[in-house]
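Chemist: sequence and predicted structure below; questions after.
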Amino acid sequence: MSTLLETIGRLRAEVCALHAELTRYELVVWTAGNVSARVPGHDLMVIKPSGVSYDDLTPESMVVTDLFGTPVNGEPAEGEWGNPALAPSSDTAAHAYVYRHMPEVGGVVHTHSTYATAWAARGEAIPCVLTMMSDEFGGSIPVGPFALIGDDSIGQGIVDTLKDSHSPAVLMQNHGPFTIGKDAKSAVKAAVMCEEVARTVHISRQLGQPLPIDEAAIESLYARYQNVYGQ
C-alpha cells in the first residue's frame, strides 16, 4: 500500500506531465491555465504554481494544498508535500471548492482555449449538435455565471452549474472553460474535447444553422459511450 508521501509524489509527477498536454493541444498561452488532482482519501490537492512558465514546471514545483487552498508545507518531513517558496495557482480556491462539494471529482482543469472561451465571452452554451458531444458531454455544454477571481465564487458557479448536468465542462461567463473528471487525466481529456466541439460548432454556424439532436438520441448515445464503448 502506498504511503501518503508516495501518493503525493506520484500525483505531482502526473499533474506536471498533464500540463504539457495543455500546451500540446494549444489550450493555453504563457502561464495561463492549470490542472489539479485530489489526493485520494485525504483533504488535499495538488495544483500548478502561480505564474510559472510551462517549460519550467517540474513535479517538485507542484503545490500541495488543503481543500481550502492553504499550502501544506510538509509533515513529518519538511518540504516533502509542497514547495513553500511557490504560491499555488490563482484559481486554487475554485478548484478547492469543487473538491469540497463534489466528492466524485478527482481532477479539475481550467484553460483559456480560444473557441471555448469565445463562447464563454458571449455567455452562450454550446448546443449539442454533434454525436461526439452526446458521447462526451451528454448534451450541451452549459454556461456558468460571471464571477471574479480571488475567492471561491468561481467554484460555486462551477458546482451550481454542473451538479445537475451530464457535462464535465462549464463555460464560465467572460472567463473560460473549467472541466472536471474522475481524475486529472479525465479532466484534461474533457478540456481537449470541449475546445474541439467549440471550434467545430462555431465553424458549422458559419455555414448555416446546425441541426439539433433529439434528446432521446442524446441520452442513448451518452449511455452507450459511458458504459459500453472502449476496452
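Modeler: That came through fine.
Chemist: residue ranges with poor pLDDT in this structure?
Modeler: Across the chain, the stretches falling below the confidence threshold (pLDDT under 70) are 1, 74-84, 230-231.
Chemist: quick check: bridge partners of the residue with the shortest distance to the centre of it?
Modeler: Of all residues in the chain, the one closest to the mean position by C-alpha atoms, centre = their mean is Val109, 2.1 Å from it. With DSSP bridges applied, the residues forming beta bridges to Val109 are Val35, Thr179.
Chemist: report the contact partners of it.
Modeler: For Val109, the contacting residues are 22, 33-36, 178-181, 184, 187-188, 190-191, taking C-beta atoms under 8 Å, 6 or more residues apart in numbering as the criterion. C-beta: built from backbone N, CA, C; applies to glycine.
Chemist: could you check how far it is from Val98?
Modeler: As defined by C-beta to C-beta, to the nearest Å, Val109 lies at a distance of 11 Å from Val98.
Chemist: equivalent analysis for Phe137, please.
Modeler: Spatial separation of Phe137 from Val98 under the definition C-beta to C-beta is 17 Å.
Chemist: over to Ser61?
Modeler: Here the distance between Ser61 and Val98 works out to 22 Å (C-beta to C-beta).
Chemist: what does Pro71 give?
Modeler: 18 Å.
Chemist: of these two, which one has the most company?
Modeler: Set Pro71 next to Val98 and count neighbours by other C-beta atoms under 10 Å: Val98 wins out with 25 against 19.
Chemist: that older thread, which residues are in contact with both of Val109 and Val98?
Modeler: Among the neighbours of Val109, those also in contact with Val98 (C-beta under 8 Å, 6+ apart) are Ile180.
Chemist: can you report how many residues neighbour Thr131?
Modeler: 13.
Chemist: which residue, neighbours along the chain excluded, lies closest to it?
Modeler: Counting by C-beta to C-beta, 6 or more residues apart in numbering, Thr131 lies nearest to Leu221, which is 5.8 Å off, once chain neighbours are set aside.
Chemist: ok, that neighbour touching Phe137?
Modeler: No - in terms of C-beta atoms under 8 Å, Leu221 does not count as a neighbour of Phe137; the distance is 10.4 Å.
Chemist: out of these two, which sits in the busier spot?
Modeler: Between Leu221 and Phe137, counted using other C-beta under 10 Å, the more crowded position is Phe137 (25 against 20).
Chemist: in this structure that one contacts Leu171, no?
Modeler: No - with contact defined as C-beta under 8 Å, Phe137 does not reach Leu171; the gap is 11.5 Å.
Chemist: what is the neighbour count of Gln135?
Modeler: Small correction: residue 135 is Asp, not Gln. Based on other C-beta under 10 Å, the number of other residues close to Asp135 is 17.
Chemist: surely Leu86 is in contact with Val52?
Modeler: Yes - with contact defined as C-beta under 8 Å, Leu86 reaches Val52; the gap is 7.1 Å.
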